[in-house]
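Undergrad: Below: sequence and its predicted model.
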Amino acid sequence: MKTVTSISGGQSSAYIAANYPSDYLVFALVTTEDQNCLHPDAYLRKLASDKIGCEFVGTLEDDIIIETMLELEQWLQQEITWVAGKPFEQVLRKNGLPNMMWRYCTELLKIKPLFKWWKDTIGEPVEMQIGFRAGEERRAKNMIDKCVDGLRQYNKVGWQKPVFPLIDNGIKRDIIVKYWDDIPIPFAKQNNCVGCFHRNPLVLRKKFDEHPNKMQWFKEQEIKRGARWKSEISYSDIEKHKPQAEIDFDQWGCDSGYCGL
């Protein structure tokens, strides 16, 4: 069984890529058509366009993720394959806003393009190395519980057997952070979409300060569609909250287990 490492752009999955060799390294990028979220570096936009095989305007993840993936590939000396689904706006126009009860965004923006790459490239079940750390066993269990005969399904096809080398080897966050301390690869404070509705409102309020254009995009999608990402509060109301002086992002992780690839 061939091995694939799903690289999210965070330190944990990058640590797996560096320390647990696999046959393939794959990264799924969330893209946007919105010129207000245009990636500021034209050269990096061109490189990203070449990687995903179509025009890249920007991402709703932290912009630094483009540099992260390009530099990580050079440091690892192994190709990282990039995949991307349709821009988020196109997905929303067809499906409406996702939410906690209908969490389709990861499926269509990341899992579906990964599955297409797998089908075109490999076509038989693979071991997929997932970057859950020791202490995140709950996330791993949530993922395993959704498997059929040990394999994650997509379109009724069992295509990947999730494995968790960091959990298996007792690797916690402090070991991973120390590992990357002296390696000049930039990492975002958090990976995945900056306005992800799984995040606590306090964290989302901080994101309005750090990524104003992207957070305005998330807020505007609610207004355009008359719906909410989070049932209990709108992003417009989150923006009005008094900013918190300090936020430790590691205290506000996601344990759904769904978004891990």
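TA: Great, that's in hand. Residues are numbered from 1 along each chain as shown.

Undergrad: Check which helix or strand residue 94 maps to.
TA: Mapping residue 94 onto the secondary structure by DSSP states H and E places it in helix 88-95.

Undergrad: Let me see the mean pLDDT of that helix.
TA: In this model, helix 88-95 carries a mean pLDDT of 96.

Undergrad: Please apply the same query to stretch 43-60.
TA: Here the average pLDDT along stretch 43-60 is 98.

Undergrad: Convert it to CSV, retaining C-alpha atoms only.
TA: Once non-C-alpha atoms are left out, stretch 43-60 reads as follows in CSV (Å, rounded to 0.1, in the frame of the first residue of the first chain):
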residue,chain,number,x,y,z
TYR,A,43,5.5,36.3,-8.5
LEU,A,44,4.1,33.9,-5.8
ARG,A,45,0.7,34.2,-7.5
LYS,A,46,2.3,33.0,-10.7
LEU,A,47,4.0,30.1,-9.0
ALA,A,48,0.8,29.1,-7.2
SER,A,49,-1.1,29.3,-10.6
ASP,A,50,1.4,26.9,-12.1
LYS,A,51,1.1,24.5,-9.2
ILE,A,52,-2.7,24.2,-9.3
GLY,A,53,-3.0,24.4,-13.0
CYS,A,54,-5.3,27.4,-13.3
GLU,A,55,-5.3,31.1,-12.4
PHE,A,56,-4.7,31.8,-8.7
VAL,A,57,-6.1,35.1,-7.4
GLY,A,58,-5.8,34.5,-3.7
THR,A,59,-6.7,32.2,-0.8
LEU,A,60,-9.0,32.4,2.2
